[in-house]
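Asker: Predicted structure and sequence below. I'll ask about it afterward.
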Amino acid sequence: MHVVERYASWAAGWRSQPIPPEVLHHAKRAVIDWHAALLPGSIVAPATLLKKALGEGDARTLALINGAAAHTVEVDDIYRDGIYHPGAPTIAAAHALGFERRNFLRAVIVGYEISTRIGAAMGRAHYRYWHNTGTIGCFGACAAAAELLNLDGNKFAHALATVTTFAAGLQQAFRMDSMSKPLHAGRAAEAGVTAALAAREGVTGSLDVMEGEAGFGRAMGDNPDWEKALAGLGRDFHITRMTFKNHACCGHTFAAIDGALALKGKHNLRTEDIERVDVGTYRAGVEVAHYAQPRTAAEARFSMKYVVATALTHGSVRLAAFEPARLNDHATRALMDKVSVSLDPELDATFPRQRAARVAITARGRREELLQPTRKGDPDLPLSDAEVEEKFMELAAPVLGKQGAQSLLARLWKLECD
């Protein structure tokens, strides 16, 4: 059997199996976190512009808009080993086809389990040039959509084969200020819905498209080990090991933010006394979060210097950190000039399974150092259910009102699955 057939065979066979309670709980956490990211993203560009351009009529359009919205303000979930944000495309596709369906949560789980394995298999070789949320996200969206549509194993496989040829999204698209990055997630969600609907009607794809000589693995990666990418399906559930963001910015900056805040708290440092901040981290953190003097909110979310400086100045990096007043805050801008970012080869060697940073702060002539081995929100330092709820309310209440947000939160926790 080809790779896509084996994924499809597992999904179709697992359909009749009970979902372990722990897995179901983590799926609900993922859906809650997705809504937390979706709501603030839905009232700003590009989602507002897409609604104006396309309307909100069919499932494909809804998946596109919601997928983009959920990836816009940089608070959506991460699968660390896959260097990938599964929620934005996967849940957007499932939501567009049937949020009220009894197999909605199962579809989300299937989308996560298949796509995170593909992301982990493709690894750093793929991430060098490709934006995994745009590429790998196609598989999550397609698998979730195919599951919601109850496609049999054959049609499920052809859906995955078709969506493989849609996979796209370049790293260069977010090396400067643009709306392309969230559009990658939206396009992946739309592609997944399209491929699943097409397969339902009999559209076929090349079943060897993943492992073939000119297939996805070779063309867009380093010919990954597909056996590893298939291992543990139905036993080891990746959805239980998600990273839920604790800061509203690029995830590659989180260890540095956490380390800087820990040093400030431990040594009772005053911002005005800080003379120098040195951050050493892995290559992606240096290259992706590269803006030295960000001019816009989008650039600031990908500026290691800015997010570390605003964390030290204001104590957090939430949505307010990217409002105009904060972006132009004199104290933050002054501290940015004292932040130095460099590649740490030792920490780079452990990426992507570990996202660490070394932070040193010099203040009043004394240098304090800290190795931050992980990020708050990672599976080894997870957000509690209460913290997930707090994040949801912080992001949802300004859009829905406090009562509306509380009502939606209660509804999401009560989601059931056959």
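Answerer: Thanks, I have the structure now. Residues are numbered from 1 along each chain as shown.
Asker: Going by C-alpha atoms from here, please, whenever you check contacts or count neighbours.
Answerer: OK.
Asker: Give me the below-cutoff pLDDT ranges for the protein.
Answerer: Scanning the chain for pLDDT under 70 picks out 418.
Asker: what's near enough to touch the spatially closest residue to V3 that is not a sequence neighbour?
Answerer: Leaving aside its chain neighbours, V3 sits nearest to M210 (6.5 Å; criterion: C-alpha to C-alpha, 6 or more residues apart in numbering). Residues in contact with M210 (C-alpha atoms under 8 Å, 6 or more residues apart in numbering) are V3, V4, A161, T164, F216, G217.
Asker: One more: A300?
Answerer: Counted by C-alpha under 8 Å, 6+ apart, A300 has contacts Y291, P294, Y306, V307, F322, L327.
Asker: Tabulate the contacts of M210 in a markdown table, adding columns for neighbour count.
Answerer: What follows is these, written out as a markdown table (neighbours: other C-alpha atoms under 10 Å):
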| residue | neighbour count |
| --- | --- |
| V3 | 21 |
| V4 | 25 |
| A161 | 26 |
| T164 | 26 |
| F216 | 20 |
| G217 | 21 |
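Asker: How many residues are close by I78?
Answerer: 23 (other C-alpha atoms under 10 Å).
Asker: Kindly report the same for the one 10 residues further on.
Answerer: The number of residues packed near A88 is 38, by other C-alpha under 10 Å.
Asker: Tell me the secondary structure of it, please.
Answerer: What DSSP: H, G, I helix; E, B strand; the rest coil gives for A88 is helix.
Asker: Extract the C-alpha trace of stretch 324-343 and format it as CSV.
Answerer: Extracted in CSV, the C-alpha atoms of stretch 324-343 (Å, rounded to 0.1, in the frame of the first residue of the first chain):
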residue,chain,number,x,y,z
PRO,A,324,0.3,51.4,18.2
ALA,A,325,1.0,52.9,21.7
ARG,A,326,3.1,49.9,22.7
LEU,A,327,4.9,49.6,19.4
ASN,A,328,6.1,53.2,19.8
ASP,A,329,6.8,53.0,23.5
HIS,A,330,10.0,54.9,24.2
ALA,A,331,11.2,52.6,27.0
THR,A,332,10.7,49.5,24.8
ARG,A,333,12.4,51.0,21.8
ALA,A,334,15.4,52.1,24.0
LEU,A,335,15.7,48.6,25.4
MET,A,336,15.5,47.0,22.0
ASP,A,337,18.9,48.6,21.1
LYS,A,338,20.4,46.8,24.0
VAL,A,339,19.2,43.3,22.9
SER,A,340,21.6,41.1,21.0
VAL,A,341,20.5,37.9,19.3
SER,A,342,22.9,35.1,18.2
LEU,A,343,22.9,31.5,17.0
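Asker: Of the contacts of A300, which belong to helices?
Answerer: Here DSSP state H is the test, and the contacts of A300 give Y306, V307, L327 as lying in helices.
Asker: middle-most residue in this protein, spatially?
Answerer: H85 (2.1 Å; C-alpha atoms, centre = their mean).
Asker: nearest spatial neighbour of it, skipping sequence neighbours?
Answerer: I78 is the one closest to H85 (C-alpha to C-alpha, 6+ apart), at 4.4 Å.
Asker: can you pull the contacts of the one you found?
Answerer: Contacts of I78 by C-alpha under 8 Å, 6+ apart are Y84, H85, P86, G87, M242, T243, F244, K245.
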